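Engineer: sequence first, predicted coordinates after that:
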Amino acid sequence: MIPQLVFYVFATVLLVSAVMVISARNPVHSVLFLILAFFNAAGLFLVAGAEFLAMLLVIVYVGAVAVLFLFVVMMLDIDFTKMREGLQHYAPLGACVGGVLFFELIMAFSDWKMVPASTIAPLTGAPGLTNTAALGTLIYTHYVLLFQACGLVLLVAMVGAIVLTLRDTGMGRRQIIDRQHARTPADTLELVDAPLGASVSAQGGFLRPHQSYHETSVPGSYASGGMIEAEKREEEV
């Protein structure tokens, strides 16, 4: 009785939060409702006995993806009023697409029949093997090639995103790798015995490196020695 009650509670909150994700006017509230939906989905996985998937959902989606969404929404200055200006223009097309999808869902659920639980043979694994170990054994043995192929697809997508968004504007800071690696800690690091209670200004101000890091910059790049000298000459003129 208690597992069924917990299932219905998690499922109800999950459905309500999923509806609020797409209906909330404030995008920050939408992301927060998305995090709530992820937590309730993790609870459903726990009820089903898949604790590894539950923790994976919380760590990856809540701890990384949803937080990234929240940072993007809060840091970008997006004018949502301009984004909603064309909503009425595309509303008929969206209604047609939504109607087609709803009709397909009705057709799918009309032929859906629940199989009695007594007719399903439970999966049996090695004795004493946990769900995480069984999943890892299955992925890294029988499906290792497909797993590596998925990783390759994600790598190609990441490289493609970098290539599409990278723009050579001349404002990037590039370094001469050999000269950067040839630097010694004595050139840039100095240990100082600072007394307690003394301010930075009382000790002579901030210390600067003996060798400027601009010397390792590629000539013509941002913050390189050549550009700094050119800016100084422009200011003097």
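Structural biologist: Arrived safely, thanks for sending. Bear in mind the structure is a predicted one, so any value in this text is a computation, not a measurement. Numbering: from 1, shown residues only.

Engineer: can you check the pLDDT for the most centrally placed residue in the chain?
Structural biologist: Centroid check for the chain by C-alpha atoms, centre = their mean gives residue 65 as the closest residue, at 3.6 Å. On pLDDT, residue 65 comes in at 83.

Engineer: pretty sure it sits in a strand.
Structural biologist: No - when DSSP: H, G, I helix; E, B strand; the rest coil is applied, residue 65 is found to be helix, with no strand at that position.

Engineer: residue 53: what's it in contact with?
Structural biologist: For residue 53, the contacting residues are 42, 45, by C-beta atoms under 8 Å, 6 or more residues apart in numbering. Any C-beta I mention is one placed from the backbone N, CA and C, and that applies to glycine too.

Engineer: looking at the protein, which helix or strand is least sure?
Structural biologist: Ranking every helix and strand in the chain by mean pLDDT, DSSP states H and E puts helix 225-236 at the bottom, with a mean of 54.

Engineer: by contact count, what packs against the longest helix along the chain?
Structural biologist: Among the elements of the chain assigned as helix by DSSP state H, the one spanning the most residues is helix 87-110. Other helices and strands packing on helix 87-110, by 3 or more C-beta pairs under 8 Å, 6 or more residues apart in numbering; DSSP states H and E, are absent; none qualifies.

Engineer: and whichever helix or strand comes after that helix, how far out from the chain middle?
Structural biologist: Using DSSP states H and E, the helix or strand that follows helix 87-110 in sequence is helix 131-139. Remark: helix 131-139 is offset 25 Å from the chain centroid, using C-alpha atoms, centre = their mean, to the nearest Å.

Engineer: contact partners of the following helix or strand past helix 131-139?
Structural biologist: Once helix 131-139 ends, the next helix or strand along the chain (criterion: DSSP H and E) is helix 144-165. Under the criterion C-beta under 8 Å, 6+ apart, residues 139-140 lie in contact with helix 144-165.
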